[in-house]
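Student: below is the sequence, then the predicted model.
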Amino acid sequence: MADYNFKDIETRWKQYWVDNKVYRVDVDEKRPKFYVLDMFPYPSGAGLHVGHPLGYIASDIFARYKRLKGFNVLHPMGYDAYGLPAEQYAIQTGQHPAITTEKNINRYREQLDKIGFCFDWSREVRTCDPKYYKWTQWAFKKMFEHYYDNNIQRAQPISKLIEHFEVKGTQELNVACSEELSFTSSEWKNKSDKEKQETLMNYRIAYLGKTMVNWCPKLGTVLANDEVVDGLSVRGGYPVEQKMMQQWCLRVSAYAQRLLDGLETVDWTDSLKDTQRNWIGRSEGTEVEFKIKDSNEQFTIFTTRVDTLFGVTFMVLAPESEYTLKVTTSDQRKAVEEYLERTKKRTERERIADRKVTGVFTGAYAVNPLTGDEIPIWVSDYVLAGYGTGAIMAVPAHDSRDYAFAKTFGLEIRPVIEGADVSEQSYDAKEGIVCNSPMAGKSAFGGLVLNGLTVKESIATAKAFVKEHGLGRVKVNYRLRDAIFSRQRYWGEPFPVYYKDGMPQMLDDAKLPLLLPEIDQYKPTESGEPPLGRAQNWTTEDGFPLELCTMPGFAGSSAYYLRYMDPDNMDAIVSKRANEYWKNVDLYVGGTEHATGHLIYSRFWNKFLKDLGISSTEEPFQKLINQGMIQGRSNFVYRIKETNTFVSLGLKDKYDVTPIHVDVNIVSNDILNLEAFKAWRPEFNTAEFILEDGKYVCGWAVEKMSKSMYNVVNPDMIVDKYGADTLRMYEMFLGPIELSKPWDTNGIDGVHRFLQKLWRTYDAGLTDEAATPAELKSLHSAIKKISADVERFSFNTCISQFMILLNELSALKCQKRAIFEPVIVLLTPFAPHIAEEMWHGLGYKTTVLDAKWPEYNDQYLVDTSVKYPVSFNGKTRFTVELPADMTPAEVEKVVMSSEQTAKYLDGKTVKKVIVVPKKIVNVVLG
RNA sequence: GCCCGGAUGGUGGAAUGGUAGACACGAGGGACUUAAAAUCCCUUGGCCAUUGCGGCCGUGCGGGUUCAAGUCCCGCUUCGGGCACCA
């Protein structure tokens, strides 16, 4: 009899898996495919902590389960290897980021290998590998060479657009663009080459645009919206300001509707879909033209509340609006110009911090197209240039922002919904009955009357009216903005772009990949150019300068799931055969933090590749599971002030103490290891303790897992102490996969004991005796429960079920192979090493993954009797065991005549008796 | 401010509207042992009763629906996440 020697078992089978290429997969049309993917990690210098593998373990369990169910499972892993930390480190130390990245990757790999994942490492990708980023560059180039046709809702080659211009100019054009242009075919033909290039830039999916960007001076780079939080960079926490810059952009906005529609077809959580819907921000409304009084000018506003047209009491233009200076009267010019100057200086951050209502009257008046009323036009920075038309009609009675503005500047507030009290605040709800539309005694243009309608009806009526009378048009706006795609950094994909006469040109496909050049330092140049400005001969062979920016982090992660299908293909991002077989990811596991970044960009990227016929599915990630975060659980010791004496938790209130973080690795079940503590740091060498019951009890708190809190738990240490199988099962046992929870090693013993107990049972020798009905019932109810729970990703209850099963079997003193052999297969996804060991111990010569997932048989689960809980008015009082096939009437009869029932009747009248077969009996008393 | 998600013993958590607290940790008691570890057995939501039977309360709070509510509905409290001048 041997102990459960997990070290020996685990090393042996890990080697076997490698030697026999057990996790190697290939296209096999004869078998159904299943694609399980983890969000690949950025290999940071800190290595993995115990929280990182949570999602990987879950996906690994599912991948193995699917394989046992007969699927050909693709389960790859790789590295999101470009990124800021390596570059920051390079700036500080001069160490090439490729070297640190490689080092970190090796460390990650070592740690991942210890946990026993079934990754097919032959498919590994690294975003910084030229073999990989060739296809990132290639996709970008394709985006440059395409535009988006709104009529057919897909990308088209730019040559088609040129054809259209040649024949019709911009007539009948319905395509995604930066701004609406208007020219005839002859005007097009008369344009110079450069003018044509500039015009086309307005339509390309990857385009060079002058945009307001989040500029981070400290990082010397531009950041995407999701890389900025509270005006600070997510990486590093440096201030970010607004700056106008020429940048590469991706026309993600063209795909807004498809990104929205696609959410209906994927199996994601509602909250994640909501987050994406909010981010895309579809808003259906109306554009209305307003004429300017005493002028031929007019401008367009966007509103979702056309029903409130009668309540408009002023107009507001964004400071950046081209109309602002156009309409300003000479009297007001100075004030307006001063205001524009002031707002320009205010950074986004200041505007967030200081939300004062500001604005200036332009002196001009607009004419309400319905009432003919003259309404003052103001300028204010609460109107955004980048959304809608950069101009609004203000309805202070029914919009809180307009309300605040009207109150500040003493403008009229005119309610147009019955009963709305606007003395204290606006009434924003889209509910109620419309009034004052038009005002009593007045009439509106075209005889329009909205009075008496509900808001909903009124919106529809007004919309139709505006459209019919040519006052405007129905319009859908999206909050989603184009992605800024340039970074003024070194450690990223170079753009396959060179400049000729100042206009960008794409390199030939044959020149891809364009390799990242070596440079002497990783900082911007003295003249403020990006680091690539330092590269020698950074030009084409003909001497044209290459682009100095590199691509952002999300570039490489946007299509990696496609590349895993065919990672070594030098002729295509993925072959047709591989893509048509693997199609898309069936199960994607990762954190919620990517909800609006990666998960939007890669859906966009995939849709674009679908339009090109490269990707075969509209959505890349069919089902998505968000694993929760593992937080740290910190421990504290309490030092009595101005001493070196530490007092145990229960006694600390008697003293004046300072709590000090103590390394959780020298604490076990909140009991401090005193010797380890003394050795931990020199100043504690002479520490003295006030104990309770001979022990030092530490306090604890849930915090972020970080070095400074001394609460980082490394998976290697757990594997070393308990084995990978225990780590895997314990991480799952902690609770539902999607929940965030603190890492707490208290409890890991329970899981380890389970494996030990199982091992001892197996090791005592299994017999070939036939199983009893009781044993079969235990086994088959476990098969049923575990199969169902794996399917719904409820892994914690699977582990419980294993424990219940083993408890039952040991109570039955079961040592039978007929029972334990299927148990080993069930356990394989969770604890693959021990399962493999026992499987081979039973005489099998190939991996346990070649086994078949057991099916449960209902016939073993049939109960001959049922324990009925008997309740009175809903309160359970006792149970009674009755034959399962007893009819409800018979059950009622038995229960009502029972001695125990009599006790609870106590003279009361029985109103009703409810019998739910095989469930419960409830007696309703009067 | 708006939109999501949660709140169950000392702890992690379980529970298709049908015996709340499965499973595990921790704790207490016992067996084995010279002793310890390991292992095994019992108890373990609270309060009252404890001589036995038992009784009352209990899933953040207040209402409701129902024979029956942790679960469904309405209104709060609170914690977490997302968005935040998006017209």
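Tutor: It's in. This structure is a prediction, so every number in the text was calculated from the model and none was measured.
Student: list the contacts of residue A:891.
Tutor: Listed by C-beta atoms under 8 Å, 6 or more residues apart in numbering, the contact set of residue A:891 reads A:868, A:882, A:915, A:917, A:921. Placement of C-beta: from N, CA and C, glycine included.
Student: which among these count as buried?
Tutor: A:868, A:882, A:915, A:921 (16 or more other C-beta atoms under 10 Å).
Student: which phi and psi does the third one have?
Tutor: Note on residue A:915: its backbone torsions stand at phi -120, psi 120 [degrees, to the nearest 10].
Student: quick check: it vs residue A:544, distance?
Tutor: Distance of residue A:915 to residue A:544, computed by C-beta to C-beta, to the nearest Å: 87 Å.
Student: can you say which helix or strand has whichever residue of the stretch 51-200 of chain A sits closest to RNA strand B in it?
Tutor: The stretch 51-200 of chain A approaches RNA strand B most closely through residue A:54 (12.3 Å), counting by C-beta to the nearest atom of the strand. Assigned by DSSP states H and E, residue A:54 belongs to helix A:53-68.
Student: got the contact list for that helix?
Tutor: Here helix A:53-68 has contacts from A:34, A:36-39, A:73, A:75, A:77, A:112, A:115, A:117-118, A:587, A:589-591, A:625, A:627-628, A:630, A:715, A:727-728, A:731-732, A:737, A:790, A:793, A:795, A:825, A:828-830, A:832, A:849, A:851-853, using C-beta under 8 Å, 6+ apart.
Student: quick one: average pLDDT of the helix or strand just after it?
Tutor: Next helix or strand after helix A:53-68 toward the C-terminus (DSSP H and E): strand A:72-74. If you average the pLDDT over strand A:72-74, you get 98.
Student: what packs against strand A:72-74?
Tutor: With contacts defined as 3 or more C-beta pairs under 8 Å, 6 or more residues apart in numbering; DSSP states H and E, strand A:72-74 has these neighbours: strand A:33-38, helix A:53-68.
Student: the residue in the stretch 501-650 of chain A positioned nearest to RNA strand B and residue A:590, how far apart?
Tutor: Nearest residue of the stretch 501-650 of chain A to RNA strand B (C-beta to the nearest atom of the strand) works out as residue A:596 at 5.2 Å. Look at residue A:596 and residue A:590: by C-beta to C-beta, they are 13 Å apart.
Student: those two: which is more packed in?
Tutor: A count of neighbours by other C-beta atoms under 10 Å puts residue A:590 above the other of residue A:596 and residue A:590, at 22 against 19.
Student: what pLDDT is listed against the nearest residue to the more buried one once chain neighbours are set aside?
Tutor: Spatial nearest neighbour of residue A:590, chain neighbours left out: residue A:39 (3.1 Å); criterion: C-beta to C-beta, 6 or more residues apart in numbering. pLDDT recorded at residue A:39 is 94.
Student: same deal with residue A:229?
Tutor: 66.
Student: go on, residue A:381?
Tutor: pLDDT for residue A:381: 88.
Student: how would you label it: helix, strand or coil?
Tutor: Reducing the assignment at residue A:381 to three states with DSSP: H, G, I helix; E, B strand; the rest coil gives coil.
Student: look up how far residue A:343 lies from it.
Tutor: 5 Å.
Student: you'd agree the residue of the stretch 501-650 of chain A closest to RNA strand B is in a helix?
Tutor: No - Residue A:596 sits outside any helix when classified using three-state DSSP, being coil.
Student: tell me the phi and psi of it?
Tutor: Given degrees, to the nearest 10, the pair of backbone angles that residue A:596 has is phi -110, psi -10.
Student: what parts of the stretch 351-500 of chain A come near RNA strand B?
Tutor: Within the stretch 351-500 of chain A, the residues that sit near RNA strand B (C-beta under 7 Å from any atom of the strand) are A:351-352, A:355, A:381-384, A:386-388, A:390, A:392-393, A:399, A:401, A:477, A:479.
Student: tell me the buried residues within these.
Tutor: By 16+ other C-beta under 10 Å, these give A:351, A:381, A:382, A:383, A:387, A:388, A:390, A:392, A:393, A:399, A:401, A:477 as buried.
Student: would TSV of those with secondary structure be doable?
Tutor: Shown next, in TSV, are those (three-state DSSP):
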residue	secondary structure
A:351	helix
A:381	coil
A:382	coil
A:383	coil
A:387	coil
A:388	coil
A:390	coil
A:392	strand
A:393	strand
A:399	coil
A:401	helix
A:477	strand
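Student: pull the most distant pair out of these.
Tutor: A:351 and A:393 (22.7 Å; C-beta to C-beta).
Student: quick one: low-confidence ranges for chain A?
Tutor: A:1-2, A:224-232, A:234-235, A:345-355 (pLDDT under 70).
Student: okay, domains of it per the record?
Tutor: Listed domain ranges for chain A are A:140-256+A:482-534, A:257-281+A:592-626, A:283-477, A:632-700, A:865-925 (source: automatic domain parsing).
Student: if anything else comes up later, I'll come back, but that's it for now.
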